[in-house]
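> Here is my input; please provide its structure:
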Amino acid sequence: MTNIKVIIPAYNEEESIGLVVKEIPEIVSEIIVVSNNSADNTIEVAKKAGATVLSENRKGYGYACLKGLEYISNQETKPDIIVFLDGDYSDYPDELTNLIEPILKDNTDFVIGARVPGFREKKSMTPQQIFGNWLATFLMKLFFNAKFTDLGPFRAIKYDKLLALDMQDKTYGWTVEMQLKVLKQKMSYVEIPVHYKTRIGVSKVSGTVKGTLMAGIKIIGWIFKYAFK
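Numbering: from 1, shown residues only. Alright, predicted model coming up:
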């Protein structure tokens, strides 16, 4: 039986995290919520919903993801697949079964849940998110002949391949770093369309001018770093 674990970074997501955890399919062996210095009841709600909860006080999406991976690395039985999912309830957790299908059936290394327009609720992505995704994926196509159309956070990857990527980014560049390293190491990848809805609460990144600018700078920086490496 395939061992699947889910890592969910969460910063002040008490209103949504319970819904996310409860809707993850039962085929998952463990749901790991990493509270990224939350000041609300994210930890308590996630625990009540049935998740393993870790705390990472250093703010940053990458820090939270790395905390989850550190926890898994200390377990005796390692997973076959890691799924990353946001805690804001913008994704549809039950679509996890579709997300991992290319790995199980076609032996694909890495799968992105692409937030395509036809599957996206109106205004679920801000104009700056849409533009940022277009620019990042355009540059990856230009420099690496990549076929990515999105930097979607809902993603699945074989655990051994994830380890081979040696992920480093601590903040906004986590998603694009993963995609760039998949390209550089010539791993197999595919995108599948996923539904996407308006998140619960305000985004800590795209919901602020500072967050949007910082994320944009980090993402473009990673792309140029690898383009001229």
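
> residue nearest the centroid of the protein?
Closest residue to the average C-alpha location of the chain: Pro153 at 3.0 Å, with C-alpha atoms, centre = their mean.

> Can you tell me the SS state at the nearest residue to that one once chain neighbours are set aside?
In space, and not counting its chain neighbours, Pro153 is closest to Asp86: 4.8 Å by C-beta to C-beta, 6 or more residues apart in numbering. For every residue, glycine as well, the C-beta is placed using N, CA and C. Secondary structure, DSSP: H, G, I helix; E, B strand; the rest coil: Asp86 is coil.

> which residues does Asp86 contact?
With contact taken as C-beta atoms under 8 Å, 6 or more residues apart in numbering, Asp86 is in contact with 8-9, 20, 153-154, 199.

> Inside strands: which ones of those?
8-9 (DSSP state E).

> Make CSV from the contacts of Asp86 and add distance to Gln129 and pLDDT to it.
As requested, the contacts of Asp86 are exported to CSV (distance: C-beta to C-beta, whole Å; pLDDT from 0 to 100):
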residue, distance to Gln129, pLDDT
Ile8, 19, 98
Pro9, 17, 97
Val20, 19, 98
Pro153, 11, 96
Phe154, 14, 98
Arg199, 11, 87
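
> Helices along the protein, start to end?
In the chain, the segments counted as helices under DSSP state H are 17-22, 42-49, 61-73, 96-106, 127-144, 159-165, 174-184, 209-227.

> ok, now which ones touch Glu30?
Counting by C-beta under 8 Å, 6+ apart, Glu30 makes contact with 5-6, 52, 79.

> One more: Leu104?
Counting by C-beta under 8 Å, 6+ apart, Leu104 has contacts Thr2.

> now do Val190
Taking C-beta under 8 Å, 6+ apart as the test, what Val190 contacts is 102, 106, 108, 110-112.

> And the residue nearest to the centre of the chain, how far from Trp222?
Relative to Trp222, Pro153 is positioned 15 Å away (C-beta to C-beta, to the nearest Å).

> repeat for Leu19
Taking C-beta to C-beta, one finds Leu19 at 31 Å from Trp222.

> What of Gly216?
Applying C-beta to C-beta, the value for Gly216 to Trp222 is 11 Å.

> With His195 instead?
27 Å.
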